[in-house]
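**Q** what follows is a protein structure lacking sequence information:
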């Protein structure tokens with residue numbers, strides 16, 4: 001399967017337009033049509049309906065494969081280029097919003113650094129494809145257990161921080177004065193669904209046998225302060241690392257006592273870091 005044809009197909013399916021895909025890819029509309037026709041002939045199945053432009057059943061299945069395949073190809077290219085590249089003085093660090101531990105920020109070089117706050121699921125891909133030198137990912141885990149990261153490329157990971165997690169409640173909530181809370185007792189509560197700013201609800205469900213924790217409101221953003229303001233205003237509960245949950249006006253952070261889970265942060269990189277990236281890796285790993 002020609003990856004160029006596959007990229008064209010993914011673009012057409014995403015934009016639902018042959019002409020828009022041609023503009024984005026820098027092709028003529030005729031060339032885009034030829035790419036789709038060649039891919040359909042290669043696979044022996046129609047992939048798109050034309051009016052409207054939408055994936056067929058076979059096309060939907062191909063899309064499920066296409067993302068990981070193209071990402072892996074981009075990662076392979078970035079890995080080879082990274083090996084041959086001359087080290088630069090700059091550094092790009094990609095991180096999930098709640099993975100930016102203070103000591104990681106303190107260890108950044110005094111000049112030439114760029115910090116990119118990304119959705120949690122995008123960090124490993126950014127490192128794999130070379131748009132970031134290093135990444136900081138986070139999630140819920142049992143103490144000292146590694147995180148389960150998407151298999152986007154051969155990446156090296158190091159645990160760099162662990163801390164307790166807390167439920168953030170409005171100060172007027174009936175449970176706000178508790179010394180600790182069990183997640184199981186909150187399975188039927190109103191929760192904020194904030195997959196990129198807070199700890200995702202699927203992690204809570206996994207810790208509770210796969211059910212409960214239904215969202216009352218969804219927040220699609222990476223601003224942790226906006227998430228904590230929503231919790232303080234009573235729109236729903238959220239689970240955060242202790243450092244992000246404490247000191248929020250109008251809200252109380254109550255530690256989770258059961259199950260025994262922590263907020264874990266891992267450093268992610270590909271190949272052998274050099275220059276400023278290598279220096280930051282040395283500092284963070286040395287302090288574990």
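**A** Yes, it's here. Computed from a predicted structure; not experimentally measured.
**Q** how far off centre is stretch 26-41?
**A** 32 Å (Cα atoms, centre = their mean, to the nearest Å).
**Q** meant to ask about stretch 249-259
**A** For stretch 249-259 - counting by Cα atoms, centre = their mean - the centre lies 24 Å from the chain centre.
**Q** can you point out the buried residues in that stretch?
**A** Residues 251, 252, 253, 254, 256 are the ones in stretch 249-259 that count as buried (16 or more other Cβ atoms under 10 Å). Just so you know, the C-beta spots here come from the backbone N, C-alpha and C atoms, and that holds for glycine as well.
**Q** low pLDDT regions in the stretch 51-200 of the chain?
**A** The model of the stretch 51-200 of the chain has pLDDT under 70 over residues 81-89, 152-153.
**Q** strands of that one, residue ranges please.
**A** Taking DSSP state E, counting those that start in this stretch, the strands of the stretch 51-200 of the chain run over residues 53-55, 91-95, 113-117, 134-141, 156-163, 165-170, 181-182, 191-193.
**Q** as a markdown table, those with mean neighbour count would be great.
**A** Shown next, in a markdown table, are those (neighbours: other Cβ atoms under 10 Å):
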| stretch | mean neighbour count |
| --- | --- |
| strand 53-55 | 16 |
| strand 91-95 | 24 |
| strand 113-117 | 15 |
| strand 134-141 | 24 |
| strand 156-163 | 17 |
| strand 165-170 | 24 |
| strand 181-182 | 16 |
| strand 191-193 | 21 |
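**Q** let's have those strands in TSV, adding distance to residue 24.
**A** Below are those laid out as TSV (distance: least, Cβ to Cβ, whole Å):
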stretch	distance to residue 24
strand 53-55	14
strand 91-95	24
strand 113-117	22
strand 134-141	27
strand 156-163	34
strand 165-170	41
strand 181-182	48
strand 191-193	31
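**Q** for residue 9, find the nearest of those strands.
**A** The minimum distance between residue 9 and those falls on strand 53-55, with 8.9 Å, by Cβ to Cβ.
**Q** just to revisit the earlier point, pLDDT-wise, what's the bottom of the buried residues of stretch 249-259?
**A** Lowest in pLDDT among these is residue 256, which has 93.
**Q** for that one, what are its contacts?
**A** Neighbouring residues of residue 256 by Cβ atoms under 8 Å, 6 or more residues apart in numbering: 164, 165, 166, 167, 180, 181, 182, 183, 239.
**Q** the fourth one contacts residue 257, doesn't it?
**A** No. Because the distance of 10.4 Å does not satisfy Cβ atoms under 8 Å, residue 167 is recorded as not touching residue 257.
**Q** CSV please, covering the contacts of residue 256 and showing distance to residue 109.
**A** Listed next are these as CSV, based on distance: Cβ to Cβ, whole Å:
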residue, distance to residue 109
164, 30
165, 31
166, 32
167, 36
180, 40
181, 40
182, 43
183, 39
239, 33
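**Q** with adjacent residues omitted, what lies nearest to residue 67?
**A** Counting by Cβ to Cβ, 6 or more residues apart in numbering, the nearest residue to residue 67 once its immediate chain neighbours are dropped is residue 10, at 7.5 Å.
**Q** same question for residue 1.
**A** residue 42 is the one closest to residue 1 (Cβ to Cβ, 6+ apart), at 6.5 Å.
**Q** let me see the contact set for residue 203.
**A** By Cβ under 8 Å, 6+ apart, the contact list for residue 203 reads 139, 140, 239.
**Q** isn't the second one right next to residue 261, touching?
**A** This points to residue 140. Yes. In this structure, residue 140 is within contact of residue 261 by Cβ under 8 Å, at 5.0 Å.
**Q** what ranges does the stretch 51-200 of the chain have for its helices?
**A** Using DSSP state H, counting those that start in this stretch, the helices found in the stretch 51-200 of the chain span residues 57-84, 102-106, 123-128.
**Q** looking at the ones you listed, which is nearest to residue 28?
**A** helix 57-84 (22.1 Å).
**Q** how far does that closest one sit from its chain's centre?
**A** Relative to the mean C-alpha coordinate of its chain, helix 57-84 is positioned 17 Å out (Cα atoms, centre = their mean).
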